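# Test case, fold it:
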Amino acid sequence: MGVGKTSIGKAVAKKLYRDFIDADQEIEKEYEMPVSKIFAQLGEKTFREKEKELIINLCKRKLHIISLGGGSFLQEEIKKACLENCIVIYLDLTWESWKERLHMIIDSRPVLQGKSIEEMEALFYERKQIYADHHSKVLTDQQEIEEVANYIVESLKLAWDLNDEK
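The predicted structure follows:
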C-alpha cells in the first residue's frame, strides 16, 4: 500500500509493450466510485469478493502487467492464483520510507482511516508478512519510478534469456 505499484507497473508495462491493469481501478470503474466509498457504502466484504473474482480472472490472461491492491494477498485464493499463473514481484519499502509517504496516501486508503501511527505500523508489518510469498523482491527505498521499472525489466529479460538457454 503506497509503495508505487501503479506508477511502477505502468512504467514496466510501457517498457515491455504490455497492457497495464490496476485491479483497484477496475473495481472502481465497475462500481463507479472510489475504493474508499465502496468500503464505506457497500462494505469491505463486497469489495474483497469483487477483488477475488477480478484478480483470479486476470491471472488467466497472459502478457499483462497487473497491479494488485495492498490487501489482495490477504485472500489465499488470490495469492495462490497469482503465484501459480503469474510472476509476482514484491515492491518492498522500509517503514521509515513508507511513513514519509503517509500524507500522500492516507485519505485514499480505507484501512488506514482512524488508525494511530502505532496501528498503521502494525498493519505495515502485517502486510509485509503476507507478501513474503513472491517470485522476486525489489527494494524501492530512495529509488525513482524509472529506476525500479528498469531493474524489473532487466531482471525479467535476464530470466527469459536464462530460460531460453535451457
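# what's near enough to touch the residue lying closest to residue 22 once chain neighbours are set aside?
Distances taken as CB to CB, 6 or more residues apart in numbering put residue 67 closest to residue 22, at 4.6 Å, once the chain neighbours are dropped. To be clear about C-beta, it is placed using only N, CA and C from the backbone, and glycine gets the same treatment. Contacts here follow CB atoms under 8 Å, 6 or more residues apart in numbering; on that basis residue 67 touches 5-6, 9, 20-24.
# Could you rank those by neighbour count and give me the top one?
residue 9 (24 neighbours; other CB atoms under 10 Å).
# residue contacts, it?
Applying CB under 8 Å, 6+ apart to residue 9 gives the contacts 20, 22, 65-67.
# so where's this structure uncertain?
Residue ranges of the chain with pLDDT under 70: 1, 103-108, 110-112, 161-166.
# about what we covered before: which phi and psi does the residue nearest to residue 22 have?
phi -100, psi 120 (degrees, to the nearest 10).
# Going along the chain, name the strands of this protein.
Counting by DSSP state E, the chain has strands at residues 19-22, 64-67, 89-92, 136-139.
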